[in-house]
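In: Sequence first, then the predicted structure:
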Amino acid sequence: MKDGYYSIEQVFEIKAWDFASAGEASSQIKKILKQLGIDSTLARRVTIAAYEAEMNLIIHSIGGELKLKVTPQSIALTAEDKGPGIPDVDLAMQEGYSTAPEIARELGFGAGMGLPNIKRCADRLNIQSKVGEGTLLEMYFELKAG
Amino acid sequence: MKEYYHSVTLRKDKCRGCTNCIKRCPTEAIRVRDGKARIIAERCIDCGECIRVCPYHAKVAVTDPLSSIERFQYRIALPAPTLYGQFKEMADLNLILVALKKLGFDYVYEVARGADYVTAFVKEALKDPERKRPLISSACPAIVRLIQVRFPELIDNIVEVDSPMEIAAQLARTEFCEKFGVKPEDVGVFFITPCAAKMTSIRNPVGRKESSVDGAISIQEIYGPLYNRLSKVKDEEVVQMASPFGVGWANSGGACLALGIDSYLAVDGIQNVIRVLEEIEDEKLTDLEYFEGLACPGGCVGGPLVVENGFVAKNRIRKLAEKARGRPVPEDDLQGVVQRIQWRLSERILPKPVMKLDDDIVEAMKKMETIERIYETLPGLDCGSCGSPSCRTLAEDIVRGYASEMDCIFKLREKVKQLAQEMIELSEKIPGGNKEEKGRSEPS
């Protein structure tokens, strides 16, 4: 395989309502990025996005997976779940808009900053969602050439 | 060589090669190889955790003997605030300082007084809305080094005010020289230290070119002679100048208390500090103004070079600070101080990304894949018998070329079993090898 196409992938299973493991996937992702020698500012952006996506899966989905893919040119994070899906994506992207249930808010989550935060951190963001089927969140980060 | 000077070192003759230190090191900087611990110089941050946990006292901090002050014509002692908490039934701070002076010093200047100035400078820094929040205290040298190694993204949050020790050293020297008309080079300034990392930052400072301190004498070294002096001295002069707030810096939270702000967080114990720095790095603590992280449990009072139990000392410091309240304290002459000393960190603090696997990302990725593959085959017990702190670090060490799979005793056991099996199979194939055995089993 040519070096330019080299990539590594890591998949993390995320369970709904599993607050005991909350943040574990994103902190592992952070460790991987640091070991790969990814620029620390970029690693920080990816980790923040990964954490928000992980929390979204825990709070809002019925379970799913978070996938990290690193190539020498880019980093891709994919969060995919099996439902329930977002009825109005534009609304969900608004700062402060949240559908998090009371119990998540009591834990300090659900400020309605998750998706806006991801948008701020990622170079490109793509959401596909269908109610009753699930949500696919794709986040791309460019690695500086050098 | 200068880059890797460390105060924390190993006494090989005392090391038994156990797993206590490798498991506790916050930067995974220790391995046991050939039955002895080894410190990886570029990873060590001199926090002293290993000194605290080693049951055989094989980990030591190199500091200067008290006799080393004799190489200077004039000597100044800079006692860390922690010193005040070391003595039972000692209700008077000034008496401790008078006794300290009698051990061969010409002048005593409290680091707690330096801390008062640091507080004043940090208050100024907090007024700047452009500064990254939270500001992170630069006082604990182990934490500054931890940030270089594990949290390079937070280097810009470190407040650019130098440590109480450096500020006190400069003030002490100028004050002494002005008062007595002596040349600065004839004066030796010695820090009385509870801390191994401070010794390192005297020899090899971060954030400034050279330290203003000439040496460090551990509290353990000075405790005996000082204790003997204490019962004999009288309150003959006033040496104690620092505010109760400055005295309180010995305890975790003391620096924050002195700042008088609301939004601060003070955390002690290096593993706890790591957990909070992770959160700061992930931008989860955005409303925080100031963060004080101290590597030792309870703060500097829990340093590896102290005599008294850290929690007892902490309580004593609290009482002494309370008692000293209301006593007049000299004004902080900030304008005068700014002109006389270098209070700001002058050198950029550089990241030390020692955790990365390779400079080339493709190579790093390949190494990571190999690590994963090896890790899958290891037992996952993190027993440390191989000499690496965990199965994952062993996998990393193998890939970095510092260890082999057979360092794992479980892998070795498997291999031995397999070899033994092969030997048996082989011996059965040798003609006539097992004749007697066969002869006996044939009749049945």
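Out: Perfect, I can see it now. Since the model is a prediction, treat every value here as computed from it, not as a measurement.
In: so where do the strands sit in the stretch 101-250 of chain B?
Out: B:107-108, B:135-136, B:187-193, B:215-218 (DSSP state E, counting those that start in this stretch).
In: would you turn the ones you listed into CSV with distance to chain A?
Out: To be clear about C-beta, it is placed using only N, CA and C from the backbone, and glycine gets the same treatment. Shown next, in CSV, are the strands of the stretch 101-250 of chain B (distance: least, Cβ to the nearest Cβ, whole Å):
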stretch, distance to chain A
strand B:107-108, 43
strand B:135-136, 15
strand B:187-193, 32
strand B:215-218, 32
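In: So which of the ones you listed is nearest B:Gln335?
Out: Taking Cβ to Cβ, strand B:135-136 is the member of the strands of the stretch 101-250 of chain B nearest to B:Gln335, at 22.4 Å.
In: Quick check: phi and psi on the residue most central in space within chain A?
Out: Residue closest to the average C-alpha location in chain A (Cα atoms, centre = their mean): A:Ala53, at 3.0 Å. When quoted as degrees, to the nearest 10, the phi and psi of A:Ala53 stand at phi -70, psi -40.
In: Not counting its neighbours along the chain, what's nearest it?
Out: A:Ala79 (4.0 Å; Cβ to Cβ, 6 or more residues apart in numbering or on different chains).
In: B:Glu49 now?
Out: Closest to B:Glu49 by Cβ to Cβ, 6+ apart is B:Arg24, at 5.0 Å.
In: Next up, the contacts around the one you found.
Out: Each residue near B:Arg24 by Cβ atoms under 8 Å, 6 or more residues apart in numbering or on different chains is listed here: B:Glu49, B:Cys50, B:Val53.
In: now those residues as a markdown table including secondary structure?
Out: Below are the contacts of B:Arg24 laid out as a markdown table (DSSP: H, G, I helix; E, B strand; the rest coil):
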| residue | secondary structure |
| --- | --- |
| B:Glu49 | helix |
| B:Cys50 | helix |
| B:Val53 | helix |
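In: Closest to chain A out of those?
Out: Distance to chain A, by Cβ to the nearest Cβ, is smallest for B:Glu49 among the contacts of B:Arg24, at 20.3 Å.
In: Chain B contacts on chain A?
Out: A:3, A:6-8, A:26-27, A:30, A:32, A:34-38, A:40-41, A:43-44, A:47-48, A:51, A:70, A:72, A:143 (Cβ under 8 Å from any Cβ of the partner chain).
In: Take those residues and keep only those in helices.
Out: Using DSSP state H, the subset of the residues of chain A next to chain B located in helices is A:26-27, A:30, A:32, A:34-35, A:40-41, A:43-44, A:47-48, A:51.
In: Of these, which is the nearest to chain B?
Out: A:Ser40 (4.3 Å).
In: For that closest one, give me the pLDDT.
Out: Reported pLDDT at A:Ser40 in the predicted model: 90.
In: One more: the one 10 residues further on?
Out: What the model reports as pLDDT for A:Ala50 is 95.
In: again, but for A:Ala20
Out: Looking at A:Ala20, the pLDDT reads 89.
In: what's the offset of stretch B:262-282 from the middle of its chain?
Out: Distance, stretch centre to chain centre, for stretch B:262-282: 16 Å (Cα atoms, centre = their mean, to the nearest Å).
In: measure the residue in the stretch 1-150 of chain B positioned nearest to chain A to B:Ala395 for me?
Out: Distances between the stretch 1-150 of chain B and chain A by Cβ to the nearest Cβ are smallest at B:Arg150, namely 8.0 Å. Using Cβ to Cβ, to the nearest Å, we find B:Arg150 at a distance of 19 Å from B:Ala395.
In: Using the record's assignment, carve chain B into domains.
Out: Per automatic domain parsing, the domain ranges recorded for chain B read B:2-61, B:66-132+B:152-252+B:300-340, B:361-429.
In: will you turn those into a markdown table that also has mean pLDDT?
Out: As requested, the domains of chain B are arranged in a markdown table below (pLDDT from 0 to 100):
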| stretch | mean pLDDT |
| --- | --- |
| domain B:2-61 | 92 |
| domain B:66-132+B:152-252+B:300-340 | 91 |
| domain B:361-429 | 94 |
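In: next helix or strand past the helix or strand of chain A with the lowest mean pLDDT?
Out: Of all helical and strand segments in chain A, the minimum by mean pLDDT, DSSP states H and E falls on helix A:102-106, at a mean of 78. Next along the chain after helix A:102-106, taking DSSP states H and E as the criterion, comes helix A:114-121.
In: Brilliant, that's me finished.
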